[in-house]
Each structure stands twice: as structure tokens, then as C-alpha cells.
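*Asks:* got a structure for you, letters missing:
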């Protein structure tokens, strides 16, 4: 199986879902190996680089894409199976950007207080040990943390002719900032426009659930994934399948509405998977869901709703595509 | 080590935190073995028992307690270490109570739609296999689920002379409905009144994160736990420690505010544990927290914020009390 | 008609709804003339008195009461008709209390930012002109504002044996902080306990909608009102009637849920007043409601939902009690 | 002063802010007389026309525009002064659209309940008496209500290359659904793109605050307004001035955040108008704001924050443009 390499130059970065001409056309079944810059466009390189000086908030979360998937039409389902995520730099950066993040007033939670101090942290990567290192800025603590690469942002063009900032998580995916978007996961997104026009970006070398300060260990990433297309069957909200879980992602404000969206989508999916009546699915899921918060910092908040496969009878989604993609992925590694 | 057995009769149930005379006085260090009724007061015994007919919503979530802890004064810290939770019946019950739960309008999310159908599910317990069995009401699916007993409700009397329903999770603990309240966990609560006046109840044979439909697999429970008292040091919000995690629980509405409360409490705790500056704690926790939603159905919503000990340097809270209680607990089993 | 004067001493102040022995027993029909202290207990007397130094947050919003209404039983309706509100001091005080208010992080909207500067404003009262004067603290602007006295807090004992801080607005009324609680208004509250046990306090010499900074022009008040009792008919949430409007008050978080509660209560009331089907009431009210926010700063937020009588056919609530009380009130002035 | 007439055909309707080629170029100072269709595209003409059958939710809220304002550049301020709004049909329509509105689950407040009954109400217009008539669908009540025409939707193209549905209220204006957008009002919007690219639509013959059921008395409208351009000075969020009030409109979820946005914008405006320090503006506004909810049903909720001019010293915004436009408007009538 061939792998198509894509390394955009900075002029080719996309900052929106929708509204951008395709970077490239791909056929269903294609494996891509895609470089993406970090959320800051690579400008925070030392603790002396402050976001207030260096980051232009109109140009953050650069996307690599969009990719036009041949044959994709509205109502179809795009499947992206993540094979490998490799850090493309030897350091990652995180920042407390003034008036951005979860424990500060923001442009949306508009308050009169002074901002938190603009602060940058640099995490050195140790590829041998598979770690990134936290270094306190106002103390001596250093902590090696496991490298756990993931993509903050995966999405398609929105419906209704909308064009949305790459900072937004929504029905079309986007900036969901969930650690579940990692190697071994298959993400299913409803197609809204011809060609689907998906893009990826916002690599994280690791991230806590909630992404509390608003930024993860942000890093350029080389992402290998397989693109597949299912005719019809578009889910209303993003679904993720991996070897262990059925998952949905809801994004809205307030956070309980993000959760509700994810729960209802999983009730719907359990109807498809198990023929369960909605009340029975509601009951069963009430006793088994895992619900990690994804982000509480973006334009919408995101919650992931998960059901563990090992608790449930065997079932297949989309004709067993995930298992098939896992097999194909092994041929790539 | 002796264990004090407490089995209240129905007239002794408490339905509030605060406002109730102590059921019993206990000395710090005491081990208790406490029976508590299920959230419905045991009235849902078959699928034909509907909550609309059988459940008086003024008398749900009966608490066993309150217990007066000798020497406890406002500003002190109550520690409850859970040793064992044993189902006290051979079945658990769950229900979609009209206008109660996460995917329906409620008295708080006031809407004009008709309620969901009043439905009861009974889960048979298999003690040998350690399972409870979901049985679909409108289909054939049966699923054995692991028995994972936990307590929905653990709390002390509130501050300011308030008296709160046992349905409420708040700063004083209460109806947090988190699966983390299980054997092996030590829960730390700030003492607000002389004697602390804690109670426990709302046993769940298992529960998904979020408790989506509003009720878990509700069951009478025999709970064994050790009561300890730390002079001073009252946390602002509930903290939980087990062998693997440092945890806090925030409860409020909307759900993002519950999360914020938990995050800020954990930032505060990390200041105590590691001498970390708040900005550094905010940053470090942003990369490592796990944030399972606890409930999105109660009078306040609850989120748990967790940090995995194995990622962090060794540290001790409250003089290493948790480890000591673990050792003492082994003597009880 | 006689008027019973009540002037409590500081030891008699109540700080909760429920949980306090009656200050006095009154018969339905009684007119009361009641003194209440300001929300700060009168300790902010100059701009140099800062809330951080002088205000003990455990003892704010002192209530005058509770009053036991003879014959009042759960399910009955308490009617309080406000005849006159007279400022009892020559100045009012307002303050930006650290971590309290609408444009700052709080104990509920938990953030890491520094607090806003603790600041006190004193408003001189000019009884002749009927004004209170705003004086800028960091500039020269002085603005005379009309004196428009109202009561921030009017409530009964809660249901379910709960006891709630006088800072809380809820189903039982309480700290709703609406300018509609002013002379000429009749407030209807459902009775939850024998005797109703209502209290009043938190006088405001004037207040903007939302009470943005968390405090109005707080002032001691002499309130004249008539107490009436309707057997049965308890509304689920507070209702207010004056000569021009039918009104309800919803209190919850987030603010949209406060609004929903108020809307559903007014749909219900229009069913009683006009025999309107709920869908028709929903439609009609969609075209005529006025919805001023009451507070966005208290433990629950409050919204008032109003329908102008002049737009509607004549109707009577509670047997025309409001008109009758207006007539009786004229006899008192 | 000439008035330019614009009557689009249905193919020319715009359904987004941004992403649409200009319908027409206009010079600052131009008076326009613009026809706009109703939110349903005119398809609900009798109570038997149900939204579920007739309304395609991809094509609602048709906009007339966008208009390219010559010389408008990002950072400038667009001023639209509304001179007259004339109903363009003899009836208006309102509907309870399934899963849309404030007292029902929606696509955002995702629940499992059945929808409210799909229902349409037709309001006959009486131009002589200046009324529209509510007619109950499930009873006999008929109520004549004053005709009070307003525009639900006024907005410019968004920033950052975004394109948003005409159902969205945001920083760029859009579907704010406030009764304040009526004759005599001047709306100030920040310009984000060359030419501003503003549009108008969603005429309402009248609307209650909150737009509870999700639709007002929707009607085709002929709107006369003057277009002006101020170089620089772009407000962050929409501002409205009329003869009696200074106003701002915040839009977000949850509703308290919409209010916060409006409050902070008005604090900022008071800094400009009166040289007030932010803390003093916060205090003064806390005592005088009127805060009617605009909508609790759209993709964002909107709140209007108002300060009454008569309470305040005289001040001028944007060089007194509003007064000048009022004078110019008199020449048009």
C-alpha cells in the first residue's frame, strides 16, 4: 500500500473549515502521511517567546488540507483511520495566553479582571524514553511525562455554506481537542459538501482532559492515516471507534449540552448497532458510559461519551470497517 | 480493630445534610459497617413497580446517619476511608423517572414536552460471577455487567446553618454520584459544624459516568469504612485520594463551573503537595488531568478532576493518612 | 386598619429561609410596618469601609422575620402586598466585593485571576428631590439617580426540610433581587411549611436589572405590606401581580434555565387566567413577554417574565385579591 | 435625499453572513428602501401549512443583501439608522417548529422526548388600527396586539474569513432578534471585511422578549434606513443608540455569558462617553441598566443591556451621528 506524503508550506495552511480550495484530491482508500504545524505556527520556541508578542490570534491552529475525497457527497460518511502520529520537532510548547483558557475570563466569559500572566512553557522531547518534560517556570519541579501524540483538530467542511475557524469544534468535527484522536482510532464524520474537504492539524504531544489552560503540549506532527468513504450513513455528530470503545463527541455550550449531544448520538448509534429501543439504550448507557471531558476552552466545549466494547455483545459498525482498517494499517507500519 | 455495626430502621433515615440529630456518636479511628437503603427506599422491586406510582420524591436518597465525630470542629478535615461495599440485596433497580434525568426536561430545565415513559429496569445480581444483568424492556438484549459497588452520596452538614436535600451535591459532598467513591478511596471533607455530622447512602451496584438517566443500578448497601479526623486543613471542596490518583470533585451548574471548581481545588492541592506556584500547577495539570463527568442529573452537576500519581513525584497528603488507612483496612478484611 | 410595627434588634436577624423560630405570629389580613437592615448589616458607612475588612460573608442579607402566618399550611398561597418602602437611612452603600459579582470570577465561576479592587461607593439620599447620588471613585462624575426603593429578598421557608441562606433565590422566593418587588406589587408564594415562615430584607434604594456588580444601592428599609393567605392554589414558583403586569420569577443556573422556569410558570398561570391551552399560551406569550433579568450574581440567577395586562382581556387571579389589596392599601397611606 | 429601492428576487436571497457576492454597492449616506421576505420564505400562509411540511430549514431567514459599503475597511464602524419598517404583507405567521424554540429540546439541547406538536398561527394585520391578531388554535381566544415592526436580523460579514448562517447572532450582529431594532434606532457594527457586506432580514410584526417559541410574528418587511460609515472606532460587539438609550447586544451561550458580553461592552462604551474608569462604570451601570433578554432560541442567545440617557449627563457617540441621522430621517418621511 502506497503512502502519499503531504508537506504544505506556510502559505498553504488553512485556518478555516470550508471556504478554502482543496490542497489535494485523494481517492478513498488512500493512505496519507501529512505534516502539520503546531497551533502557534511554530513561533513559541523558548520560554521568552510570549504569546502576546508572537502569536497572531487570527492565524492559529493552521490546518493541513483541505483534502477533496473523490466521490464524497453530502450524506456520506468519511472515515479517517489514524495509523501513526510522530512528533515532527524535538520540543513542544504550551502557553497561558491572556484571556484564553479555562480558569480565566475570556472573550466569551467577559469579565473585568486583569489577565493571568502571559507565560510560555517549553517541553523537551526525549524520543528514546518517549517523554516530554514539564519544567516549572516559578519553581524547580521537573516532571517527565509520557509522549502520547494526538490530533486536536480533525474536521470536514460544514453544512449550509458555513465557514468556521479552525478553533471551533462542532458537528463537522474540528477543534475537539480529545486525546481519543490518536493512533488506532477511526473517526467517522458526516460529509456536508462534495469532496468532504477534510483537514487535520493542532498536533499535541500530550494533553490532559479538558485542556485546562487552553493549550496542550503543542507540536508539529507527522500523521499517517487512511482515508475511506462510506456511501450514505452520515452520523449527525462525530463518532470514533477504536479496538476498545464506541465513542461520540458532542460540542456546544454550556458543557452539559455537549454531553447531551454526545449521549443522544450514542443512543442513536446503539440503536443501529444492537437494534436497541432508545429507552433501553438510554438505560444501558447510563450504567456503562465513560465520559471524559475533551475541552472546556474552545469556542464550543467538547465531551466524549464512550462505551467499552468488552462489556457488550460483539457488533459491527459500517460493515466492520474499523477492523479492516486496523489490518490495512499493519501493512503500513 | 473493632467494627461498629449500624443498621437503621426506616424511621431513622435522614433525607437531608444538616438539620437532623445524630444517629450515633463515633470516635476518630472507628471502623463502621453501615447498612443503607437504596435511593428509592426499596420500593421498586419489579419492572411493574413504576416510580410515578411508588416513589415519593420527598423521600428519596435516604441517608444512614448523621454520625457525630467526636472532637470535629469547623475547619477540621473529615477523612472517610472506604474498605468494602457489599450489595445488601440480590437485585438493583433503575428507573426513568418522569421529568428527571439528563436527556429529558426536568423541574430545572423546564420545557413543555411530554415526559419520557415511566420505566423500571431490574438488575439481577450474581454474586458468584460478580455481575448485574441489564435486561432490555422493549427488546431481547441481556447484558451481564461487572458489579462495581460505589456510594452515590457521602457528605457532612453544610456551612452557614443550611440544610440541604440528600439529592444535592455541593461543597459539603453530598449526592456527587461518582464511581470514584468506592473501596480503596479516602474522601476528605471540610468540617462545617461541630461533630461534622456526616452520612452515607445511595448505594450503586454500578453506574456509568454522568448517571445519564438519573438513576444508577440502585441498591441497598453494606458499607465498611474507617472514620478519621485531621485537625484543621479543611479543603474547600471534596478531595479523594486512592492508590492511583489525587482527585477533587466540583459540583455546580452549568457543568463547566463544576469542572472549574474541581480544577481550582486541584491547583490548590498541588500547591500543598508539591509547593507549585498556581500558574505552574495550572500548566502541569492541563497536560495530565483525567476529567470524568460524575453526574449531569442532580440539583448540581458534578465533575471529577484526577491526577495520576504514577506520573508525579511521590507526595503525601495529610501526613500520609491514606496509606495508613489502607494498612488499617487490610486488618479489617 | 391597624399596622403592626416590627423593629428587630441585631440578635434577632435571620440569615436563612427556614431553620429559624418565628419572630412573630400574624393573622392573615394584618398590615405590617417592618424595619430591615441593609445587606451589609450597616457596616459600610464611608468609602473607606471596605467589604474585605468589614463584611463577614456568613452574616449578610439579614432578614426581618420569619413571620408565622396563622392558618397557613403546605399547598396554600401566601400573598404579600407591598404598600410603601421607605429608606430608613440617609445613605446607601454599594461595593465591589472581591470574588463576588457578575463581571468577576467567584466561588462558583472559579478562576485563577486576581480579584477586582475592593471598592465601596456611598450614595447620599436627598429625600426632597427623591434621589440617590452616584459619585465616581476614580473620577469626577456625579449623577443623581431617582430613588426607587425595592426589596431584594422576600421568601418563605423551603420545602423538604431544607434551610437556605438568605443569599439564595429559589422556588421559595428569597434573594431574587428584582426591581419588581416594589410598592404596588402583590407577591404570591407557595407555602411549604405550617405558618409559611416568611421574611423580608435586603432593601435597595435602587437597582439596575442584573445587579451587575453584585450589590445594589443597599439600604436599611421600612417596609409596609399586607399579609394575606389563600387556601390552596400554591404556585410552583413566585408570581407577582401589579396594576400593569402578570409576572413570574424563575431562579436557577444557567440563566436560560431561570428564564425557562419563569416562562413555564407563566404558561401555567395563563392556563388558569384565560383557560388557554399550553401551546396557545406559549405562542401568545412569545409575542408579548417582557423579560428583564433580575440578578446574574446570586447563588441562582433570576429572570422575570412579564405580560402586560393592557394587551390582554381582563382577568382575575386568586379571586381578584390584588385589586382588593390595592384598595386596602389606600386606607393605610 | 434620494431613496434607493431594492427588491430582490428569491434567487438573490442570502442565507449567510459572509460568503456571498454583494447584491449592490452603496455609498455612505445612502438611504435604502429594502424589501425582505419573512423567515419562512413566505411559505406559511394558513394554519394548515405546517413547518414540518413546508419549511426547508436550510433556507430560512433569507437576507436582503449583502450591501457593499464603499470605503468601508476592517476596523471601521458601520452605522445603520432605521427610519421606517412597513409590513409588506397583510398577515404574519408564527410556528412551533418541532425541536426548535425555548421550551423544547432542540438540536443543541439534545433530549429524547417527543417534539411539541407542529403548529402554525396566522396573525391578520389591521393597518388602520395598527394591530395583528392572535387567534388561539385550541380555544376561542382572540387578542389584538399592537403592530410593532422590528428586524430580527441585521449583520455584517464576520471576521477571520468565517461564513455564518443567518440564524446566528454573534459579534457581527446577525440574528439578534431584539425588539430594539426598530424605527428610530441607530445600530453600530464593527466592519470586518472590505465593504462591510451587511444585510438585513427576518422582519417581525411584533415579538416578545426572548422570542420564546422560536418565531415571532414573522412577516415580509419594507425597511427604510440610512447607511453611514465612521472611519475607525469599530465596537467589539453591536451597539444601538436611540433617542432614549445607549444599548449593547451580547450573544453567546449560556445566557449569562451573553449578558456579560453586553455589560462589558457597555462599560467600555461608558469609558468612551464619560471618561469613566471601568470600576466606576461597572458600579454606575449596576444601578441603572435595563436588561431585556432578546432571544433564548437561536444558535447563540442574546441579551440587550441598556442605559437610559435621561438618567445621565449629555454625551455624544461617534460625533453625534445618531442625532444627525434622526434629522436626516425626518427629511425622508
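*Replies:* Structure's in. What do you need? Small disclaimer: the values here were computed from a predicted structure and weren't measured. Residues are numbered from 1 along each chain as shown, chains lettered A, B, ... in the order given.
*Asks:* C-alpha from now on. contacts and neighbour counts both.
*Replies:* Fine.
*Asks:* how about the strands in the stretch 151-300 of chain A?
*Replies:* Counting by DSSP state E, counting those that start in this stretch, the stretch 151-300 of chain A has strands at residues A:164-165, A:169-170, A:173-174, A:186-190, A:198-204, A:221-230, A:239-241, A:245-252, A:293-295.
*Asks:* Centre of the chain to the last one, how far?
*Replies:* Taking the mean C-alpha point of strand A:293-295 and that of its whole chain, the gap between them comes to 11 Å (CA atoms, centre = their mean, to the nearest Å).
*Asks:* and it, what does it pack onto?
*Replies:* Using 3 or more CA pairs under 8 Å, 6 or more residues apart in numbering or on different chains; DSSP states H and E as the contact test, the elements touching strand A:293-295 are strand A:301-308.
*Asks:* what do you get for the fourth one?
*Replies:* In terms of contact count using 3+ CA pairs under 8 Å, 6+ apart, strand A:186-190 is assigned the packing partners strand A:77-87, strand A:239-241.
*Asks:* That strand pairs with which strands?
*Replies:* strand A:77-87 (antiparallel), strand A:239-241 (antiparallel) (DSSP bridges).
*Asks:* do you know which of those strands lies nearest residue B:283?
*Replies:* Among the strands paired with strand A:186-190, the nearest to residue B:283 by CA to CA is strand A:77-87 (20.3 Å).
*Asks:* quick check: mean pLDDT across the closest one?
*Replies:* What strand A:77-87 shows for mean pLDDT is 98.
*Asks:* and the angle for that strand with strand A:198-204?
*Replies:* With axes from the mean of the first three to the mean of the last three CA atoms, to 10 degrees applied, the angle from strand A:77-87 to strand A:198-204 works out at 30 degrees.
*Asks:* Now do strand A:77-87 against strand A:221-230, angle only.
*Replies:* Going by the same axes, to 10 degrees, strand A:77-87 makes 160 degrees with strand A:221-230.
*Asks:* So the helix or strand that comes right after strand A:77-87, near chain C or not?
*Replies:* Sequence-wise, the next helix or strand downstream of strand A:77-87 (DSSP states H and E) is strand A:91-96. No. Using CA under 8 Å from any CA of the partner chain, strand A:91-96 stays clear of chain C, coming no nearer than 11.5 Å.
*Asks:* circling back: any chance of TSV for the strands paired with strand A:186-190, columns mean neighbour count?
*Replies:* As requested, the strands paired with strand A:186-190 are arranged in TSV below (neighbours: other CA atoms under 10 Å in any protein chain shown):
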stretch	mean neighbour count
strand A:77-87	25
strand A:239-241	24
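*Asks:* Make TSV from the ones you listed and add distance to residue B:308 to it.
*Replies:* Shown next, in TSV, are the strands paired with strand A:186-190 (distance: least, CA to CA, whole Å):
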stretch	distance to residue B:308
strand A:77-87	24
strand A:239-241	25
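*Asks:* out of the ones you listed, nearest to residue B:126?
*Replies:* The closest of these to residue B:126 is strand A:239-241. By CA to CA, the value is 30.6 Å.
*Asks:* Now that closest one: average pLDDT?
*Replies:* Averaged over strand A:239-241, pLDDT sits at 98.
*Asks:* do the same with stretch A:256-266
*Replies:* Here the average pLDDT along stretch A:256-266 is 98.
*Asks:* Around chain C, which positions in chain A sit nearby?
*Replies:* With the criterion set to CA under 8 Å from any CA, chain A comes near chain C through A:102-105, A:110-116.
*Asks:* let's see 7 Å
*Replies:* Those residues of chain A that sit near chain C, judged by CA under 7 Å from any CA of the partner chain, are A:103-104, A:110-116.
*Asks:* Just the buried ones from those?
*Replies:* A:103-104, A:110-113, A:115-116 (16 or more other CA atoms under 10 Å in any protein chain shown).
*Asks:* which bits of the stretch 151-300 of chain A sit near chain D?
*Replies:* So far as CA under 7 Å from any CA goes, the stretch 151-300 of chain A lies against chain D at A:160, A:162-165, A:253-254, A:257, A:260-261, A:264.
*Asks:* Swap in 8 Å and give it another go.
*Replies:* Taking CA under 8 Å from any CA as the criterion, the neighbours of chain D within the stretch 151-300 of chain A are A:160-165, A:252-254, A:257-258, A:260-261, A:264, A:278.
*Asks:* Type out the PyMOL command that picks the buried ones from the residues you listed.
*Replies:* To isolate in PyMOL the members of those that are buried, counting by 16+ other CA under 10 Å, one can use:
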select buried, chain A and resi 160+161+162+163+164+165+252+253+254+257+258+260+261+264+278
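*Asks:* The residues of the stretch 151-300 of chain A next to chain D: which two are farthest apart?
*Replies:* For these, the farthest-apart pair by CA to CA is A:165 and A:278; their separation is 34.3 Å.
*Asks:* How many residues are close by residue A:7?
*Replies:* 14 (other CA atoms under 10 Å in any protein chain shown).
*Asks:* list the contacts for it?
*Replies:* Counting by CA atoms under 8 Å, 6 or more residues apart in numbering or on different chains, residue A:7 touches A:34-36.
*Asks:* mind redoing it with 7 Å?
*Replies:* Neighbouring residues of residue A:7 by CA atoms under 7 Å, 6 or more residues apart in numbering or on different chains: A:34-35.
*Asks:* just for chain A, where's the confidence low?
*Replies:* A:1 (pLDDT under 70).
*Asks:* quick one, longest helix in it?
*Replies:* If each helix of chain A is counted by residues according to DSSP state H, the longest one is helix A:255-274.
*Asks:* My guess is residue A:40 contacts residue A:55. True?
*Replies:* Yes. The pair residue A:40 / residue A:55 is scored as a contact, 6.3 Å apart, by CA atoms under 7 Å.
*Asks:* out of those two, which sits in the busier spot?
*Replies:* Taking other CA under 10 Å, residue A:40 and residue A:55 do not tie; residue A:40 has more neighbours (25 against 18).
*Asks:* Identify the residues contacting the more buried one.
*Replies:* Here residue A:40 is in contact with A:55, A:60-61 (criterion: CA under 7 Å, 6+ apart).
*Asks:* Using TSV, lay out those residues together with distance to residue B:72 and secondary structure.
*Replies:* Output for these, formatted as TSV (distance: CA to CA, whole Å; DSSP: H, G, I helix; E, B strand; the rest coil):
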residue	distance to residue B:72	secondary structure
A:55	52	coil
A:60	53	coil
A:61	52	coil
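*Asks:* Specify which member of those is nearest to residue D:151.
*Replies:* Nearest to residue D:151 out of the contacts of residue A:40 is residue A:60 (CA to CA; 35.2 Å).
*Asks:* Could you give the number of residues near the closest one?
*Replies:* So residue A:60, with other CA under 10 Å, has 21 neighbours.
*Asks:* wait, it sits on residue A:41?
*Replies:* Yes. Counting by CA under 7 Å, residue A:41 is a contact partner of residue A:60 at 6.5 Å.
*Asks:* distance of residue A:3 from residue D:204?
*Replies:* 56 Å (CA to CA, to the nearest Å).
*Asks:* And residue A:97, by the same measure?
*Replies:* 42 Å.
*Asks:* ok, now residue A:25?
*Replies:* From residue A:25 to residue D:204 the distance is 45 Å (CA to CA).
*Asks:* Neighbour count for the two, which is higher?
*Replies:* Applying other CA under 10 Å to residue A:25 and residue D:204 shows that residue D:204 carries more neighbours, namely 32 against 14.
*Asks:* Not counting its neighbours along the chain, what's nearest that one?
*Replies:* In this structure, residue D:204 finds its nearest non-sequential neighbour in residue D:218, 4.7 Å apart by CA to CA, 6 or more residues apart in numbering or on different chains.
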